[in-house]
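>>> how would this look folded up:
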Amino acid sequence: MAKSDRTWSPDSTDLDWIESTGRPPHPILVEMEVAAEPERIPILSRDSGRLLAVLAADRRRVVEVGTAIGYSTLWMALALPVGGTITTIDPDRERTDRARGFWRRAGLPDERITVVNAPALEAFAGETAALAGPFDLVFIDALKDEYLAYLTALMDRLAPGAVVVADNVLWSGRTSGSRPARPGDGTEALREFCARVSADPAFEATILPIGDGLLVATLRP
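Next up, the predicted model:
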């Protein structure tokens, strides 16, 4: 058996080839990518979106913390099975209204996605029926200092075998130390979040070097 080369890592050629093997993204997703860049709207990478779609394909109830203009929401919503729904949380109504316009133009019925316009921790503390759970997929991409608090608030609302995904856990190299961090930039909070989830026996977890880093954890049944 040939030994693998552990010194090798993929470069842009490999990543371009991977992207070329996938189906073209929905035209509205491409439009959203074009719109986000000049406005510096934070959206996840396309390869991260593809992974979310794979994870959403057999899920029924999804909760997303951090909507922005709805790019990650759309990746998941397009992949959901019939009857699958998403609840997405973001306090910025202007952005979520814009997101709703993109989703409608992509052909999604309004009832597939419920928007909760409130800071996430306030929303979880309330009595919003859409956040009652149980959820079988969670995507977190909001305030980095609050990642652990989001997950703590969601624990009792997770279905057995639920998958939790968190974006930006590499934080452009700051969490690993390959780039310098600044006090208060969220780095220490992300390090604690990753360490806590990875060490928690309730989860099977790993970090994937996709986009800006995705933590993926499955809740043990």
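
>>> Off-centre distance for the longest strand seen in the chain?
The residue-count maximum for a strand in the chain (DSSP state E) belongs to strand 158-167. Centroid displacement of strand 158-167 relative to its chain, using CA atoms, centre = their mean, to the nearest Å, is 11 Å.

>>> For it, name the packing helices and strands.
helix 46-56, strand 135-140, helix 147-154, helix 187-199, strand 214-219 (3 or more CB pairs under 8 Å, 6 or more residues apart in numbering; DSSP states H and E). Any C-beta I mention is one placed from the backbone N, CA and C, and that applies to glycine too.

>>> beta partners for residue 89?
Beta-bridge partners for residue 89, by DSSP bridges, are residue 65, residue 116.

>>> thinking again about what came up before, next, the angle from the longest strand of the chain to helix 187-199.
140 degrees (axes from the mean of the first three to the mean of the last three CA atoms, to 10 degrees).

>>> Keeping just the C-alphas, turn strand 158-167 into PDB.
Output of strand 158-167 as PDB, limited to C-alpha atoms (Å, rounded to 0.1, in the frame of the first residue of the first chain):
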ATOM      1  CA  LEU A 158     -31.200  19.700  19.800                       C
ATOM      2  CA  ALA A 159     -32.600  16.500  18.500                       C
ATOM      3  CA  PRO A 160     -30.500  13.300  19.100                       C
ATOM      4  CA  GLY A 161     -27.800  13.200  16.400                       C
ATOM      5  CA  ALA A 162     -28.100  16.900  15.600                       C
ATOM      6  CA  VAL A 163     -25.200  18.500  13.700                       C
ATOM      7  CA  VAL A 164     -23.800  21.800  14.900                       C
ATOM      8  CA  VAL A 165     -21.700  23.800  12.400                       C
ATOM      9  CA  ALA A 166     -19.800  27.100  13.300                       C
ATOM     10  CA  ASP A 167     -18.100  29.300  10.800                       C
END
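
>>> Name the residues of that strand that are buried.
158-159, 162-167 (16 or more other CB atoms under 10 Å).

>>> cool, stretch 99-118 as well?
For stretch 99-118, the neighbour count (16+ other CB under 10 Å) marks 99-100, 102-103, 106, 108, 112-118 as buried.

>>> swap in stretch 17-25?
Buried-residue list, stretch 17-25, by 16+ other CB under 10 Å: residue 25.

>>> which residues are contacting that stretch?
10, 46-47, 49-50 (CB atoms under 8 Å, 6 or more residues apart in numbering).

>>> who wins for most neighbours among those?
residue 49 (24 neighbours; other CB atoms under 10 Å).

>>> What is the distance between the least confident helix or strand in the chain by mean pLDDT and the centre of its chain?
Ranking every helix and strand in the chain by mean pLDDT, DSSP states H and E puts helix 12-21 at the bottom, with a mean of 90. Computed by CA atoms, centre = their mean, the chain-centroid distance of helix 12-21 equals 22 Å.

>>> Also compute the angle for that helix relative to helix 46-56, please.
Going by the same axes, to 10 degrees, helix 12-21 makes 40 degrees with helix 46-56.
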